[in-house]
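Undergrad: The sequence and its predicted three-dimensional model are supplied below.
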Amino acid sequence: MTDTTPDAPVILKTKIATPLPKANLVARERLTDSLSRGINGRLTLVCAPAGFGKTTLLTQWAHSCGHTCAWLSLDARDNDFIRFWRTLIRSLADKAEDPAGQRLAALALSLQDISSSTFLDALLNELYEFPGKTVLVLDDYHLIGDARIHDSLAYFIEYLPTALHVLIASRSELPFSTVKWTAKREQNELHTATLQFTADEAAAFYRHIHHHPLTDEQIRRLAAQTEGWVTGLQLALLSLQSGTDAVRFLEEFHGDHRVISDYLFEEVASKLLPDLYSFVLKTSVLQEMDADLCDAVTESADSQVLLERAKKSNLFLVPLDERGAWFRYHHLFAGFLQELLKRKQPEEWRRLNRLASAGCISRGFMNEAVEYAIAGEDYPRLESCLRTHMPAVLESGELGNLLRWFRSFPPEYAVSPALSLHHAFVLLMAGHAEQAEQLLDRVESSLDASMEPEERKELQSGLLFVRSNLMFITGIFDKWFAHIGTLLHEILPADPAFYTFNYNRTEPLVRRTPLGLKGVLSPDTERIGALFTSLLEARGWQGSYIYLYVIQSLSEGYYEWNRLEDSRKLAVLVSRSAPAKELPGLYVPMHLTQAQLYAAQGRFELAHTALDEAFEASSGLKDSRWRQLLQAARIRLYLKEDRSADVKKALPQLGVSGKDKPGFRQEFEYVTLARALGSQRKEKEALRLLELLKPQCEREQLLSGIIEIGILQALLENQRGQRTTALRHLHEALELGARNGYIRSFLDEGKAMETLLRAYARQYRLTREVAGQGGGLHDYVLKLLSLFMPASPQRKTPAPPLVEELSRSEISLLRLIRRGASNRQMAEQLTLSEGTVKVYLSRLYEKLGVSSRTQALVTAQELKLLDAE
């Protein structure tokens, strides 16, 4: 079970824990030695049909080889790119020491926010730091059918660090070419013929382990008839133990593996006592089971006793945890029983799966509940599960599984329009915009006057939300305007499944996310954002995540456009919302924007206060990513203030080095490091980092990153005397900046950028005269130059005067704030209600241009508002 319930860690751990070796295993040194010899290469493939002991062999080797082994037991649900790689990373992180393990865990969190190639490069870079030899075991890889996973794993193996070896166990050949590695002698293979038990191993299996009185000739004959198939040997033993005559059995025993398995399973099952047979048959529908889940399926209360009997009878029960609470049947045994049920009792098969689904729902195992509902063809329950469980799966990013579940509905089943909207949203998030739009059109066409008014409004609300996301992601605005025009006078309800979607899990600024168009700015983006937020305000949806994220993105855009007062007003609006105190993806960008605004005014004390507040808010987070981003922002402030000693002291806490191979997921931190290196006259090291980061930003189409890196490259090249190269980099940044109206990215670089821009303007005039080019870019440069202040950017700017004088009550509030009074204490002191105090505080913050008590006190000190006391 993989859900976040008390039982979840036990079952999830079994996916990434090396299975426990079985007692009294037959020693197979010839195979374990072969595995040990092969790990000096890149890849080992253990390929054979079911029942040839692949997992048992790898378990035996992993516990005796002396190397670190990261294990991943795959199942059908791992046919999801995010889930596959997230679990694989967790397996590796589980074997890594910190800080490497922490960096891997942080990388897993960024999976759904970056491209697969960028992610894989970042993962490989991290693995190059692994000490010693680590073997990554992927068991049951034949269950993976996703082409994207195959392609990514082939790429991963292609660039695998020498400290890592991949060992794959599968029933079938790998679905990607490995010829190159075979030719280079970097691939080791163990196939069916190698895994077959020899006569000696078969003898050891019977005599030294099971002590069965077979003659040497009978053992050799049985080994030959089973072709060394260990499961066949074990089944034959169970059949013989039930009293079957050995001579007659060996005479009748023949056929290929499938014929033998069906015959032997039939032999074993038919000899079981009725109560145990019924228990095993019913519980065979379960992929993983404990006594409680077995009780749910068998509709009884004696499963614990029957599980113990099944274990003692060697009925192919595989333990999954060290406590002995969770089990599964051997895949072959379960498959035989399941086929028996489907063939002879199809309705019972469906009923048992429905019972399993209901049992999982009661335990909170929603992934499994969905799978059993599909197997039981219980589509109303599947629809109910998806409505309940979809927000959690969206949060995890496992969109591949969600799409597979949506595809499980048969064509004749009428999926509700409400769930179809959710399906369209998942398609959109998975990058299938065209399919999403087609489904939206179908949902919209299903609206008719016969619907209940509330149902119709719910659907219109969902359509508004999904179409808005479609517009923000694709940048195609026309259709959205046409759609929105029909809803301007409607009052629509807010569906929490849509309006509480978290759009930012990793980025320091919302403008860097797909919702923020990755830094693209235009009059259209402002117009759309303003109209969209106005629409949501009119419906009272100011607390919805999408509203606040769009407001924050607009605030960041206004800052870039140098519309500082517009930016400040929106940042304050976000800061007063409840979600801004809960979502790091919202409150970190909001505080960073406030810090930028204060720094632009030269009010660095307030800028640091804003970052300190964000640090405090993030102190309880398990994910260290946000504190790293805030540390980078703090270093950037130190650099603006020319506090070189503080920069040097803060850099080690950033967790990155100039010698690293930087990954895109830490682009903000590495660009910060490049800035610091430049301030230390280490231009070569800084430029190396930027040259590695820029193609990654281009691949991710992150416009703001491309421009910032281009600007830094220009400044660093100019700093080391390479003026021509510097102007070339600057020209590229200016071309992009001009198309999007970027101002602060250039202005915030201070005197060095002003000097370089003047050199560029002179060079541009020469080019224009010779080539006859237009003056658009030239005018843009002149505009930038006109905005540079003659004063040094390090000079402290006094706090701007108040737009409105403070009242006596507001001065009293400031004094109480300085004493540390709570809202309740303020209300008692001023004989007001707490609600009125909150209103007064809001007005006070508005007048001071701040968003918190700490900032209010700093501004009051700057303006000497409390000096008279």
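TA: Looks like it came in fine.

Undergrad: Could you pull out the strands in the stretch 251-400 of the chain for me?
TA: Here the stretch 251-400 of the chain has its strands, by DSSP state E, counting those that start in this stretch, at 317-319, 327-329.

Undergrad: could those strands go into TSV alongside mean neighbour count and distance to residue 142?
TA: Where you see a C-beta, it was placed from the backbone N, CA and C, and this is true even at glycine. As requested, the strands of the stretch 251-400 of the chain are exported to TSV (neighbours: other CB atoms under 10 Å; distance: least, CB to CB, whole Å):
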stretch	mean neighbour count	distance to residue 142
strand 317-319	18	17
strand 327-329	20	17
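
Undergrad: Make a markdown table out of these and add mean pLDDT and distance to residue 173.
TA: Below are the strands of the stretch 251-400 of the chain laid out as a markdown table (pLDDT from 0 to 100; distance: least, CB to CB, whole Å):
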| stretch | mean pLDDT | distance to residue 173 |
| --- | --- | --- |
| strand 317-319 | 79 | 25 |
| strand 327-329 | 86 | 25 |
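
Undergrad: so which of those comes closest to residue 122?
TA: strand 327-329 (34.1 Å; CB to CB).

Undergrad: other SSEs contacting that closest one?
TA: In terms of contacts (3 or more CB pairs under 8 Å, 6 or more residues apart in numbering; DSSP states H and E), strand 327-329 is packed against strand 317-319.

Undergrad: would you turn the strands of the stretch 251-400 of the chain into a markdown table with distance to residue 609?
TA: Formatted as a markdown table, those follow (distance: least, CB to CB, whole Å):
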| stretch | distance to residue 609 |
| --- | --- |
| strand 317-319 | 56 |
| strand 327-329 | 55 |
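
Undergrad: Compare these and give me the one nearest residue 650.
TA: strand 317-319 (49.8 Å).

Undergrad: which residues sit against the closest one?
TA: By CB atoms under 8 Å, 6 or more residues apart in numbering, the surrounding residues in contact with strand 317-319 are 19, 20, 307, 310, 311, 326, 327, 328, 329, 330.

Undergrad: For the fourth one, give me its contacts.
TA: Residue 310 makes contacts with 276, 279, 280, 317, as judged by CB under 8 Å, 6+ apart.

Undergrad: 10 Å - rerun?
TA: 272, 276, 279, 280, 283, 294, 303, 316, 317, 327, 329 (CB atoms under 10 Å, 6 or more residues apart in numbering).

Undergrad: what separates it from residue 320, distance-wise?
TA: 14 Å (CB to CB, to the nearest Å).

Undergrad: Tell me which residues of the strand or helix carrying residue 781 come out buried.
TA: Using DSSP states H and E, residue 781 sits in helix 776-787. Across helix 776-787, burial judged by 16 or more other CB atoms under 10 Å covers 777, 778, 780, 781, 784, 785.

Undergrad: Quick check: mean pLDDT of it?
TA: Helix 776-787 shows a mean pLDDT of 88 in the predicted model.

Undergrad: what comes into contact with the helix or strand following it?
TA: As assigned by DSSP H and E, the chain's next helix or strand after helix 776-787 is helix 808-818. Contacts to helix 808-818, defined as CB under 10 Å, 6+ apart, come from residues 804-807, 821-823, 825-826, 829-830, 832, 836-837, 840-841, 843-844, 847-848, 852-854, 856-857, 859-861, 865-866, 868-869.

Undergrad: Could you rerun that using 7 Å?
TA: 826, 829-830, 840-841, 844, 853, 856-857, 860, 865-866, 869 (CB atoms under 7 Å, 6 or more residues apart in numbering).

Undergrad: So among those residues, where is pLDDT lowest?
TA: On pLDDT alone, residue 869 ranks lowest of these, at 50.

Undergrad: Stretch 644-658: which residues count as buried?
TA: 647, 650, 651, 654, 655, 656, 658.

Undergrad: for whichever strand or helix holds the first one, the distance to its chain's centre please.
TA: Just to be clear, that refers to residue 647. Assigned by DSSP H and E, residue 647 belongs to helix 644-650. Computed by CA atoms, centre = their mean, to the nearest Å, the chain-centroid distance of helix 644-650 equals 33 Å.

Undergrad: How about stretch 836-850?
TA: With CA atoms, centre = their mean, you get 39 Å for stretch 836-850.

Undergrad: Show me what counts as buried in it.
TA: Buried residues in stretch 836-850, defined by neighbour count with 16+ other CB under 10 Å: 837, 840, 841, 843, 844, 845, 847, 848, 849, 850.

Undergrad: Dump the contacts of helix 808-818 to JSON lines, plus secondary structure and distance to residue 167.
TA: Formatted as JSON lines, the contacts of helix 808-818 follow (DSSP: H, G, I helix; E, B strand; the rest coil; distance: CB to CB, whole Å):
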{"residue": "826", "secondary structure": "helix", "distance to residue 167": "65"}
{"residue": "829", "secondary structure": "helix", "distance to residue 167": "70"}
{"residue": "830", "secondary structure": "helix", "distance to residue 167": "71"}
{"residue": "840", "secondary structure": "helix", "distance to residue 167": "67"}
{"residue": "841", "secondary structure": "helix", "distance to residue 167": "62"}
{"residue": "844", "secondary structure": "helix", "distance to residue 167": "65"}
{"residue": "853", "secondary structure": "helix", "distance to residue 167": "58"}
{"residue": "856", "secondary structure": "helix", "distance to residue 167": "61"}
{"residue": "857", "secondary structure": "helix", "distance to residue 167": "61"}
{"residue": "860", "secondary structure": "helix", "distance to residue 167": "65"}
{"residue": "865", "secondary structure": "coil", "distance to residue 167": "69"}
{"residue": "866", "secondary structure": "coil", "distance to residue 167": "69"}
{"residue": "869", "secondary structure": "coil", "distance to residue 167": "73"}
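
Undergrad: residues in contact with the residue lying closest to residue 63 once chain neighbours are set aside?
TA: Excluding its sequence neighbours, the residue lying closest to residue 63 (CB to CB, 6 or more residues apart in numbering) is residue 21, at 5.3 Å. Shown in contact with residue 21 (CB under 7 Å, 6+ apart): 59, 60, 63.

Undergrad: before we move on, what about residue 281?
TA: 337, 341.

Undergrad: and the closest residue to residue 777 other than its chain neighbours, what element?
TA: Excluding the flanking residues, the one nearest residue 777 by CB to CB, 6+ apart is residue 738, at 5.6 Å. According to DSSP H and E, residue 738 maps onto helix 723-740.

Undergrad: What helices and strands are in contact with the next helix or strand after that helix?
TA: The helix or strand immediately downstream of helix 723-740 is helix 744-747, counting by DSSP H and E. Contacts defined by 3 or more CB pairs under 7 Å, 6 or more residues apart in numbering; DSSP states H and E place helix 744-747 against helix 545-560, helix 703-719, helix 776-787.

Undergrad: Just the residues contacting the second one, thanks.
TA: When you say that, I think you mean helix 703-719. Here helix 703-719 makes contact (CB under 7 Å, 6+ apart) with 511-512, 518-520, 667, 671, 674-675, 678, 683, 686-687, 690, 693-694, 697-698, 725-726, 729-730, 732-733, 736-737, 740, 742, 745-746, 749, 752-753, 756.

Undergrad: Pull out the buried residues from those residues.
TA: 511-512, 518-520, 667, 671, 674-675, 678, 683, 686-687, 690, 693-694, 697, 725-726, 729-730, 732-733, 736-737, 740, 742, 745-746, 749, 753, 756.
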